[in-house]
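# Quick one, structure for this:
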Amino acid sequence: MLRIEQKNSESPIERKPEWIRTTAKAGKEYTDMRSLSMGRGLHTVCAEAGCPNIYECWEDREATFLIGGAFCTRRCDFCDIATGKPQEYDKDEPNRVSDSVKELGLKYATITGVARDDLPDGAAWLFAETCRLIHEKAPGTGVELLVDDMKATPSALETVFASRPEVFGHNLETVPRIFKKIRPAFRYERSLDVLNAANEAGLITKSNLILGMGETRSEIEDAMFDLAESGTHLLTLTQYLRPSPRHHPIDRWVHPEEFIELSEIAKQMGFLGVMAGPMVRSSYRAGKLWGEAMRALGREIPENLKHLGAEGSTRQEASSLLEQLPHLRGGKSIPVAQDSRRRLSITPVGENAPAGGGCGSGSGGCASHATAAAVSA
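Numbering: from 1, shown residues only. As a prediction, this is how the structure comes out:
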């Protein structure tokens with residue numbers, strides 16, 4: 001692991017193109033959520049990881065929580081979660097998270113977590129119990145579980161499936177050729193098997209692909225096809241943003257135009273909902289995507305969750321981004337030349353500074369990698 005990180009460090013942090021930015025717009029709901037969470041000491045990944053999309057998601061009362069502890073038993077070359085031996089297994093965590101969801105008045109909560117290969121069930125009970133308690137205490141809140149593969153252990157997966165989340169998420173993240181290098185503790189086919197099992201259990205399924213880690217365009221499309229064939233209903237596509245010099249170098253900056261093209265291809269493949277853009281993360285506007293899937297499947301949205309079927313803003317989608325920056329239309333993706341990288345300083349996170357983190361920085365389900373995207377007020 002140290003050898004990999006040392007090699008990564010030989011490539012300095014890459015200069016970002018102008019479209020890797022987000023605008024801070026603090027509306028009434030965001031302000032209320034912020035006051036509640038700070039006043040009552042409630043913790044969300046959105047705030048603690050400094051996600052630049054927090055303003056938009058919180059405005060629509062959506063948030064992400066990371067469970068299972070601070071250490072992950074696996075290491076992915078894009079993820080900023082610490083790898084190590086977990087020191088605790090907090091069985092009261094589902095109770096505290098569900099209380100936070102209720103107190104914040106969330107419309108939709110994404111629960112992700114670190115991989116816990118040290119536990120016989122891979123933390124399946126922890127995810128399931130969190131989902132059950134949220135449904136019990138906050139019946140008006142949709143729940144998305146974003147989990148690791150739990151080694152595809154049938155009993156562990158069945159435990160999670162039985163909690164009946166609105167969405168079962170497991171992120172594939174990358175393509176077969178570089179999969180072992182990027183996610184050495186995961187297996188490409190095993191991830192597809194997990195998604196297929198969730199689909200067969202009658203759950204709406206979701207996955208994510210991170211672009212810019214060395215894959216080719218045709219490989220991306222092949223991976224999308226594999227996901228569609230495995231019964232994945234929802235797809236998010238995002239740009240890789242390197243958390244630190246120790247992490248995998250960026251291969252290219254994917255232009256918003258290419259995200260739009262891939263989104264259209266994904267819809268043609270049969271995905272029921274697609275969210276694609278440089279700053280999209282797998283938890284971004286998750287409730288809205290679930291609503292799209294329910295409508296596409298012809299399923300009635302339960303009365304207590306009708307609000308999730310409503311239209312909402314998606315400022316980070318590539319199409320919205322081009323509306324904000326029309327001069328980018330017709331542009332192309334930018335390869336990152338290894339010999340022309342420019343070393344940049346890492347600025348501390350702040351509301352009006354470059355922000356780290358993403359919509360849950362979980363290594364288990366890999367809700368996202370860290371971002372370090374510019375935020376303008």
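
# For the helix or strand encompassing residue 227, what is the distance to the chain centroid?
Under the criterion of DSSP states H and E, residue 227 resides in helix 217-229. What separates the centre of helix 217-229 from the centre of its chain is 18 Å, taken as C-alpha atoms, centre = their mean, to the nearest Å.

# Pull out the buried residues from that helix.
Neighbour counts over helix 217-229 (16 or more other C-beta atoms under 10 Å) mark 219, 220, 221, 223, 224, 226, 227, 228 as buried. For every residue, glycine as well, the C-beta is placed using N, CA and C.

# okay, those residues in a markdown table with pLDDT and distance to residue 69 next?
Below are the buried residues of helix 217-229 laid out as a markdown table (pLDDT from 0 to 100; distance: C-beta to C-beta, whole Å):
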| residue | pLDDT | distance to residue 69 |
| --- | --- | --- |
| 219 | 97 | 34 |
| 220 | 97 | 33 |
| 221 | 98 | 37 |
| 223 | 98 | 30 |
| 224 | 98 | 33 |
| 226 | 98 | 31 |
| 227 | 98 | 29 |
| 228 | 98 | 34 |
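
# Name the nearest of the residues you listed relative to residue 44.
The closest of the buried residues of helix 217-229 to residue 44 turns out to be residue 227 (C-beta to C-beta; 27.8 Å).

# so how far is the longest strand along the chain off the chain centroid?
Secondary structure of the chain per DSSP state E: the longest strand is strand 204-211. Centroid displacement of strand 204-211 relative to its chain, using C-alpha atoms, centre = their mean, is 8 Å.

# what angle do it and helix 217-229 make?
Interaxial angle, strand 204-211 versus helix 217-229 (axes from the mean of the first three to the mean of the last three C-alpha atoms, to 10 degrees): 170 degrees.

# can you tell me which of the buried residues of helix 217-229 lies nearest to residue 333?
Nearest to residue 333, judged by C-beta to C-beta, of the buried residues of helix 217-229 is residue 220 at 11.3 Å.

# Mind giving me the packing neighbours of the helix holding residue 227?
Here helix 217-229 touches helix 176-182, helix 188-200, strand 204-211, helix 256-269, going by 3 or more C-beta pairs under 8 Å, 6 or more residues apart in numbering; DSSP states H and E.

# What strands line up against the next helix or strand after that helix, and which way round?
Once the chain leaves helix 217-229, the next helix or strand it forms, by DSSP H and E, is strand 234-239. Strand 234-239 sits in its sheet next to strand 204-211 (parallel), strand 273-277 (parallel), going by DSSP bridges.

# for the closest residue to residue 119 other than its chain neighbours, what are its contacts?
Nearest-residue entry for residue 119: residue 89, 6.7 Å, with adjacent residues in sequence omitted and distances by C-beta to C-beta, 6 or more residues apart in numbering. Residues in contact with residue 89 (C-beta atoms under 8 Å, 6 or more residues apart in numbering) are 69, 116, 119, 126.

# and the nearest residue to the first one once chain neighbours are set aside, what pLDDT?
Which is residue 69. With sequence-adjacent residues excluded and distances taken as C-beta to C-beta, 6+ apart, residue 69 is closest to residue 86, at 4.7 Å. The model reports residue 86 with a pLDDT of 84.

# got a list of what residue 86 touches?
Residue 86 neighbours (C-beta under 8 Å, 6+ apart): 68, 69, 70, 71, 73, 114, 116, 118.

# okay, among these, which ones form the most distant pair?
Longest distance between any two of the contacts of residue 86 is 13.5 Å, between 70 and 118; criterion C-beta to C-beta.

# What's the local residue count around residue 261?
Using other C-beta atoms under 10 Å, residue 261 has 15 other residues around it.

# That one and residue 274, how far apart?
According to C-beta to C-beta, to the nearest Å, residue 261 and residue 274 sit 12 Å apart.

# List the single closest residue to residue 260 in space, sequence neighbours excluded.
In space, residue 260 comes closest to residue 318 once its chain neighbours are excluded; the distance is 4.9 Å by C-beta to C-beta, 6+ apart.

# Tell me the confidence at the one you found?
You'll see residue 318 listed with a pLDDT of 94.

# which residues does it contact?
Residues counted as contacts of residue 318 (C-beta under 8 Å, 6+ apart) are 256, 257, 259, 260, 263, 276, 277, 278.

# In contact with the third one, which residues?
Read that as residue 259. Residue 259 makes contact with 211, 237, 276, 277, 278, 318 under the criterion C-beta under 8 Å, 6+ apart.

# try it again with 10 Å
Residue 259 sits next to 19, 211, 237-239, 274-278, 280, 317-319, 321-322, 333 when contact means C-beta atoms under 10 Å, 6 or more residues apart in numbering.

# Buried ones only from those, please, as a PyMOL command.
Here is the PyMOL command that selects only those of the contacts of residue 259 that count as buried (16+ other C-beta under 10 Å):
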select buried, resi 19+211+237+238+239+274+275+276+277+278+280+317+318+321+322+333
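
# Lowest average confidence across helices and strands of the chain, where is it?
strand 374-376 (a mean of 44; mean pLDDT, DSSP states H and E).

# Can you tell me which of the contacts of residue 318 is closest to residue 34?
Nearest to residue 34 among the contacts of residue 318: residue 277, at 24.3 Å, using C-beta to C-beta.

# In space, what's closest to that closest one - neighbours in sequence excluded?
Once flanking residues are discounted, residue 277 sits nearest to residue 318: 4.2 Å by C-beta to C-beta, 6+ apart.

# got the phi/psi numbers for that neighbour?
The phi/psi pair for residue 318 (degrees, to the nearest 10) reads phi -60, psi -40.

# Can you show me the helices along the stretch 51-200 of the chain?
Along the stretch 51-200 of the chain, the stretches classed as helices by DSSP state H, counting those that start in this stretch are 54-59, 93-104, 124-137, 154-162, 176-182, 188-200.
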